[in-house]
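>>> Build me a structure from this.
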Amino acid sequence: MLSVNRAALKLVEKLCDNADEYRIIISKKAGATIIDAGIQAKGSFSAGRITTEICMGGYGKVRVLPRRYGDLELPTIFVQTDNPAIATLGSQLAGWHVKLDDFSAMGSGPARALALKPKEIYELIDYHDEADTAIIVLETAKRPPEELIKKMASECEIKPSKLFVILTPTTSISGVVQISGRIIETGIEKLTKLGLDPNVIDYAFGCSPIAPVHPKFAEAMGRTNDVVLYGGIVYCALRYEDDKKLRVIVDKAHSRASRQYGKPFKEIFKEADNDFYKVDSSLFAPAMLVVNNLETGTLFRAGEIDAEMLRRSMGLGTR
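Here you go, the predicted model:
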C-alpha cells in the first residue's frame with residue numbers, strides 16, 4: 001500500500017540535511033521537528049518546490065520554469081502525479097483546521113492520512129496511512145504552541161518526536177510557491193464537488209503562475225488566489241462511461257463559471273466581509289480545465305487564461 005508519510009519522509013530528510021541550501025531553519029519543540037520555511041528563515045524557490053512534493057505525499061513531481069501570460073512573463077510551477085486522488089485529496093488538501101487559543105492554521109500534507117482529516121474524504125478515496133511518522137504543512141506566520149504540537153501528534157497516534165511541522169507563511173517565497181503548487185488539487189477538489197468520483201482519475205498535470213511575494217497578508221492572499229483562478233491550468237486523464245455527463249461536469253469546473261469571476265480576489269473577499277464562506281464556492285477552481293476521457297478518447301476543454309486579470313492582480317493595470 002502507498003504510504004504518503006513514508007514517501008514524503010525522504011523529501012523531509014533531504015530538506016533538513018540541506019537547510020542552508022534551502023534557506024530554512026530547523027528547530028525542536030515539544031520533541032517535534034519544526035521547519036521554518038519563511039517566518040524567520042528567508043526560504044527559497046527550492047524550499048517551496050520540495051514542500052509541494054512533500055504536501056503531495058511524495059507522489060507528485062514538481063518543476064519551476066518561466067511562462068508567458070499575454071505580455072507578462074512569470075515563474076510558473078508545473079506539477080504532475082500518477083496517483084492523483086491520494087496525492088491531492090489524500091495528502092495535499094488543506095483539510096485539517098488546527099487551532100488552540102489564538103493560534104489557527106490550515107494543515108495539509110501526509111499527516112492528514114493518519115488523523116483522517118476530514119474523515120469523509122478518506123472514505124471517498126478508500127485510503128488511510130499506517131506510518132509511524134507524520135508530516136504536516138501549516139500556512140502560518142506563527143510557530144504553533146507546544147500543546148498544539150502534542151495534540152497533532154496524538155491525533156496521528158504517533159510520538160511528538162516523530163512529527164515534522166513545516167511552516168510556510170503566505171508572505172514568503174516558499175509560501176507562494178507551494179500555494180500555486182496546489183493547482184491539481186484545486187481542480188480535482190472542484191471536480192469532486194461537482195459529483196465526479198476522484199478515483200476514476202488516472203493521471204493529472206497542472207501549472208500555475210507563482211504570485212510575486214507581498215509583505216502584507218491581505219495582498220499576498222489575494223495574489224495567491226488570483227494566479228490559480230486566472231492563470232491555472234489542470235489536465236486530467238480519467239475513465240468515464242458517459243461523455244455527455246462528463247461534458248456537463250467539466251463545463252462547471254473552471255473559475256469563469258462563477259458569478260463572482262472578473263475581479264481581483266482581494267476585492268471579492270472585501271465585498272464578502274472578509275469571510276471565505278460568503279465567497280461563491282464555484283470561484284475556487286482553475287482558470288482552465290482539460291480532460292481526456294480514456295474510455296472514449298474524447299478531449300474536453302473549458303475556461304481560459306485571463307492575462308488581463310493577472311496584470312490587475314499584480315497592480316500593473318490592463319492593456
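
>>> right, and residue 260 touches residue 280 too?
Yes: checked against Cβ atoms under 8 Å, the pair residue 260 and residue 280 is within contact range at 4.6 Å. All C-beta atoms are positioned from the backbone trio N, CA, C, and that covers glycine.

>>> Name the surrounding residues that touch the strand or helix carrying residue 178.
In this structure, residue 178 sits in helix 173-180 according to DSSP states H and E. Helix 173-180 is contacted by residues 24, 37-38, 42-45, 47-49, 51-52, 55, 64, 76-77, 137, 139, 168-170, 208-213, 220, 223-224, 227-228, 232 when judged by Cβ atoms under 8 Å, 6 or more residues apart in numbering.

>>> which of the residues you listed count as buried?
Among those, those classed as buried by 16 or more other Cβ atoms under 10 Å are 24, 37-38, 43-45, 47-49, 51-52, 55, 64, 76-77, 137, 139, 168-170, 208-213, 220, 223-224, 227-228, 232.

>>> Now the helix holding residue 178: buried residues?
For helix 173-180, by 16+ other Cβ under 10 Å, it's 173, 174, 175, 176, 177, 178, 179, 180.

>>> OK, contacts around residue 193?
residue 281.

>>> Distance check, it against residue 134.
According to Cβ to Cβ, to the nearest Å, residue 193 and residue 134 sit 27 Å apart.

>>> The stretch 1-150 of the chain: helices as residue ranges?
4-17, 19-22, 45-55, 84, 112-115, 119-125, 146-155 (DSSP state H, counting those that start in this stretch).

>>> For the stretch 201-319 of the chain, give me the ranges with low pLDDT.
317-319 (pLDDT under 70).

>>> show me where it has strands.
201-209, 233-238, 288-293, 299-303 (DSSP state E, counting those that start in this stretch).

>>> And the helix or strand containing residue 185, what's buried?
Residue 185 belongs to helix 183-193 when elements are defined using DSSP H and E. Within helix 183-193, the residues scored as buried using 16+ other Cβ under 10 Å are 183, 184, 185, 186, 187, 188, 189, 190, 191, 192.

>>> Going by distance to residue 252, which of the residues you listed wins?
Residue 252 has its nearest neighbour among these in residue 190, at 8.4 Å by Cβ to Cβ.

>>> close enough to count as contact, that closest one and residue 287?
No: the criterion here is Cβ under 8 Å, and residue 190 misses it with residue 287 at 11.7 Å.

>>> Check the gap between residue 303 and residue 277 for me.
24 Å.

>>> if you count what's nearby, which of the two comes out ahead?
residue 303 (24 against 7; other Cβ atoms under 10 Å).

>>> related to what we said a few turns ago, can I get the strands of the stretch 201-319 of the chain in TSV including distance to residue 3?
Putting those into TSV (distance: least, Cβ to Cβ, whole Å) gives the following:
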stretch	distance to residue 3
strand 201-209	20
strand 233-238	24
strand 288-293	29
strand 299-303	33
